[in-house]
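# Curious how this folds, go ahead:
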Amino acid sequence: MNGALYDLPDDVLIYNISFLSVPDIIVLRQTCQRFNALTRLPIVWTNAFKLNILANDYPFDAHDINPEHRTRHSYRLASRWLAESPLTPKSETIFIGSPVYQIKFIPGRKQKFLLTVPKGLWSALTIWDITRQQKCSEWSWKDTILNGMTINADPESEACVAVSSSQIIVLLHLNEAGTLHELLSIDIGLRAVTLTGDVIALTDGISKTVIYNWKTDERAYLDDGGGSHHNRCYEVVFTPSTILVVREHCIKLYTRPRLLHRQTLTPIATYSFGWVAFVSAPTPAPYNPLSVLIRSNDQSDNFRPLIKLYSFASFPPILTSNISSRPGTHRSAKVILGKRATAVWIRAPEENDDDCETLVAAVYPGPLNPTAEVRVRDVCSNPLKKNWNLFDYDEELGRIALGLGSGKVTIVQL
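Presented below is the predicted three-dimensional model:
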């Protein structure tokens, strides 16, 4: 023990500890009772969070109120992405339920809830408690077939989930016990695509998009230029100054209005990616440009489907990465891009190959990859040799939910 260090006053020690890395703080804790007590103070971990996590733009759980747990988890996860070692899962949690059509992590609420939508008529939602590995509740819409569902990106909002039928959209609140309650019904023949706070983006399968504030009943219309051909909307992305509408055959960029007063907005830019199988466009982290990850159906390059990353630092967007990856089933053609340039997808085995499907994780150049090259690593394989037909990804916590059509859901923790 360095006597000079030990003899420092508490406030000076706390200040100096702030400049240590997370592992060094843990090592210091183990040296004596005084340092053990000091390194458990919330102020120490608040300072460590600012220096080790925020300053490096690492992903973190913004709703974890325990500063030590939040900082240590974020640092551990970032260290795994930054290392060149395998991304072997730290743990796996398994649920067995009815066959499912869709799975989604629910943000906030101690990050403990998972939502599943069963196969069949798709008229029920099930909430699972991940920590207890048990079903919390089920909400159903009698005599109604659902055709869309989206989770609110803002966990503080009263409306947690929006579900759509052919003529009605219902907003649901999720309480702390994991029970869904109906908040509001909106009589409109559109599908809910994005829910952010009190604002919901509604679209059809061709060209119509409405931006609607469900609390104030204000709205604006996005003019997509008409058209009569099917053009599925994957996402509507809100930034402070723009709205990006991502459809199957093109993307359109709009200026985001300060007020919604039934005006019609025309696109300021349009771009086509060609024929795509899936698109992921997360809301960017603060001060970062928007990026879009697509799984292309363009097989002109040796008949190999490509996963392409585009940067919207300028317009038209710039293609920054091309990765060849064979998709599995139609639904596992999905790709998910996180705010801090990590991504996951399913890679199918080659034709006539006995290998299993594989969960793949990639980290693009950014806060978790200081190099100029994309790092791609296998996470785990499906031992049952059955198709993972759905999945979801939570970048902040480093976890992936993988679903089989049989009803088995596995949550993988990186």
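# going forward, measure contacts and count neighbours with C-alpha atoms only.
Noted.
# Tell me how far Glu138 lies from Thr126.
4 Å (C-alpha to C-alpha, to the nearest Å).
# Settle it for me: which of those two has more neighbours?
Neighbours per residue, other C-alpha atoms under 10 Å: of Glu138 and Thr126, the larger number sits with Thr126, 22 against 16.
# residue contacts, that one?
Taking C-alpha atoms under 8 Å, 6 or more residues apart in numbering, we find Thr126 in contact with Leu115, Thr116, Val117, Pro118, Lys135, Cys136, Ser137, Glu138, Trp139.
# okay if I get these as JSON lines plus pLDDT?
Shown next, in JSON lines, are those (pLDDT from 0 to 100):
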{"residue": "Leu115", "pLDDT": "92"}
{"residue": "Thr116", "pLDDT": "89"}
{"residue": "Val117", "pLDDT": "85"}
{"residue": "Pro118", "pLDDT": "80"}
{"residue": "Lys135", "pLDDT": "90"}
{"residue": "Cys136", "pLDDT": "92"}
{"residue": "Ser137", "pLDDT": "91"}
{"residue": "Glu138", "pLDDT": "90"}
{"residue": "Trp139", "pLDDT": "90"}
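# which of these are buried?
Buried members of the contacts of Thr126, scored by 16 or more other C-alpha atoms under 10 Å, are Leu115, Thr116, Val117, Pro118, Lys135, Cys136, Glu138.
# List the contacts of Lys104.
Taking C-alpha under 8 Å, 6+ apart, we find Lys104 in contact with Leu114, Leu115, Thr116, Ile151, Phe391, Asp392, Ala401.
# again with Phe95
Contact partners of Phe95, counting by C-alpha under 8 Å, 6+ apart, are Gln133, Gln134, Gly407, Lys408, Val409, Thr410.
# for it, phi and psi?
phi -120, psi 140 (degrees, to the nearest 10).
# does it have beta-bridge partners, and which?
Going by DSSP bridges, Phe95 is paired in beta bridges with Val409.
# ok, how many other residues are close to Ala361?
20.
# tell me the SS of it?
Taking DSSP: H, G, I helix; E, B strand; the rest coil as the rule, one finds Ala361 in the strand state.
# looking at it, it is touching Asp378, isn't it?
Yes: in this structure, Ala361 is within contact of Asp378 by C-alpha atoms under 8 Å, at 6.3 Å.
# Ramachandran coordinates for Thr71?
According to degrees, to the nearest 10, Thr71 has phi -70, psi -50.
# I'd like the numbering to begin with 753 instead of 1 from here.
Understood, numbering begins at 753; the last thing we discussed is Thr823.
# Against Pro794, how distant is the nearest residue to it once chain neighbours are set aside?
Excluding its sequence neighbours, the residue lying closest to Thr823 (C-alpha to C-alpha, 6 or more residues apart in numbering) is Phe801, at 5.3 Å. Noted for Phe801: a distance of 10 Å to Pro794, by C-alpha to C-alpha.
# what do you get for Leu1017?
Leu1017 sits 48 Å away from Pro794 when distances are taken as C-alpha to C-alpha.
# same thing with Pro870?
Going from Pro870 to Pro794 by C-alpha to C-alpha gives 43 Å.
# Buried ones only from the contacts of Phe847, please, as a PyMOL command.
Restricted to buried positions by 16+ other C-alpha under 10 Å, the PyMOL selection for the contacts of Phe847 reads:
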select buried, resi 1159+1160+1161+1162
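# If you drop the residues flanking it in sequence, what lies closest to Ser1024?
Leaving out its chain neighbours, the residue that sits closest to Ser1024 by C-alpha to C-alpha, 6+ apart is Cys1002, at 4.1 Å.
# State the distance from the one you found to Ile1152.
On the measure of C-alpha to C-alpha, Cys1002 and Ile1152 end up 28 Å apart.
# more crowded one of these two?
Neighbours per residue (other C-alpha under 10 Å) separate Cys1002 from Ile1152, with Ile1152 holding more: 22 against 17.
# Surely the more buried one touches Phe1143?
Yes: judged on C-alpha under 8 Å, Ile1152 makes contact with Phe1143 at a distance of 7.0 Å.
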